[in-house]
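Chemist: okay, sequence plus prediction incoming.
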Amino acid sequence: MNKEFAFSIKSVFFDENYRPSDNTRITTNFANLARGESRQENLRNTLKMIDNRFNALAHWDNPKGNRYSVELEIISVDMDLEGNGHAFPSIEILKTNIIDHKTNERIEGIVGNNFSSYIRDYDFSVLLLDHNKDQSQFSIPDGFGELHGKLFKSFVNSTVYKEFFKKLPVICLSVSDSKTYHRTENQHPILGHEYQPNESSLTEQYFKKMGLNVRYFMPPNSVAPLAFFFLGDLLNDYSNLELISTISTMETFQKIYRPEIYNSNAAAGKIYKPNLKNLDHSLTQIVYDREERGELAIKQGDLLRSTSSNHTKLFLSNGLLITHFD
């Protein structure tokens, strides 16, 4: 029996009045900021940091450094797995939009940026941990990431995606603190100096199954490279303003969540080893509980296992059974 996944998309603006929906993963960067007594101040300060960084990078024809502001949309993707109208919250990503206050133009940015999913939580925080619980040497389970990769490819190739978004997604993540990065001679005017890791990370391998390639760049006046995961041609498929919208958004989140790396008081050199125990860094004025976020990731990954205990079968459009949960 052939089946196609039915995807549906909902969006909500990420602004100082944002409140996470019931289906939003509370480990997500933007959802975590919108919790607690400081939620509105957190959100306001985060958006101001994004705008300031954008204007610093888009400095041409911008003498006062206030020409642009960035609007963020949270894109929630649901899947109807069995065609019965019961949707499963699968992916959440961010879409940037750029407001040019000089021309009064609203410019579409990049979709992707931050990336989260329940299945990824399950794979890394439940499946991988369970697999290595009684092992003397770390190993990866058979088929690790294959389900997630097939679901992501199915979404990007879907009619729904093409109706909502003009370009392929770009996902921007932190570098791995277990790898060493070497600066190359390649330098892009917006993305900055390119770096190359000494070896592939598990995240790279996981995202490769989603069809994504990766390149590492340290933008001008940044202190550490960012990992850019993409499907097409990162350097030529996107405009300068589109790239700046991703850099300003995701570098801001990383300064909040990874200050030891991205708000360090010393910039990465030719050979760079990220260090999450680096004490020589500055903190933002934004409240965030990183320990709680790690605990929540495990709980949410486990939630997927418990809600899939009915042997839900997931089919690709060609009818191939790709997995079931026990």
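Modeler: Good, I have the coordinates.
Chemist: helices of the chain, residue ranges please.
Modeler: Along the chain, counting by DSSP state H, helices occupy 29-33, 39-57, 118-122, 128-132, 146-156, 159-164, 202-208, 240-257, 259-262, 290-307.
Chemist: out of these, which gets nearest to I75?
Modeler: Nearest to I75 among the helices of the chain is helix 159-164 (7.8 Å), distances taken as C-beta to C-beta. Glycine gets a C-beta too; all of them are placed from N, C-alpha and C.
Chemist: now the closest one - C-alpha only, PDB.
Modeler: The C-alpha trace of helix 159-164 is given here as PDB (Å, rounded to 0.1, in the frame of the first residue of the first chain):
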ATOM      1  CA  THR A 159       4.600  20.300  -2.200                       C
ATOM      2  CA  VAL A 160       3.800  22.000   1.100                       C
ATOM      3  CA  TYR A 161       7.500  23.100   1.500                       C
ATOM      4  CA  LYS A 162       7.700  24.400  -2.000                       C
ATOM      5  CA  GLU A 163       4.500  26.400  -1.500                       C
ATOM      6  CA  PHE A 164       5.700  28.100   1.600                       C
END
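Chemist: and that helix, which residues are buried?
Modeler: Using 16 or more other C-beta atoms under 10 Å as the test for burial, helix 159-164 gives Y161.
Chemist: please name every helix or strand in contact with that helix.
Modeler: For helix 159-164, the elements it packs on are strand 6-13, judged by 3 or more C-beta pairs under 8 Å, 6 or more residues apart in numbering; DSSP states H and E.
Chemist: for the strand it packs on, which positions count as buried?
Modeler: Buried residues in strand 6-13, counted by 16+ other C-beta under 10 Å: 6-7, 9, 12.
Chemist: point out the other helices and strands that that strand packs with.
Modeler: Counting by 3+ C-beta pairs under 8 Å, 6+ apart, strand 6-13 packs on strand 68-80, helix 159-164.
Chemist: I'd assumed Y216 was in contact with Q196.
Modeler: Yes: here Q196 lies in contact with Y216, judged by C-beta atoms under 8 Å, at a distance of 6.7 Å.
Chemist: for L168, what are its contacts?
Modeler: Residues in contact with L168 (C-beta atoms under 8 Å, 6 or more residues apart in numbering) are 156, 230-232, 237.
Chemist: what about K167, how many residues nearby?
Modeler: 16 (other C-beta atoms under 10 Å).
Chemist: give me every residue that touches D51.
Modeler: 68-70, 248 are the contacts of D51 under C-beta under 8 Å, 6+ apart.
Chemist: again, only using 10 Å
Modeler: Taking C-beta atoms under 10 Å, 6 or more residues apart in numbering as the criterion, D51 is in contact with 65-66, 68-70, 99, 248, 252.
Chemist: mean confidence for stretch 160-175?
Modeler: For stretch 160-175, mean pLDDT rounds to 96.
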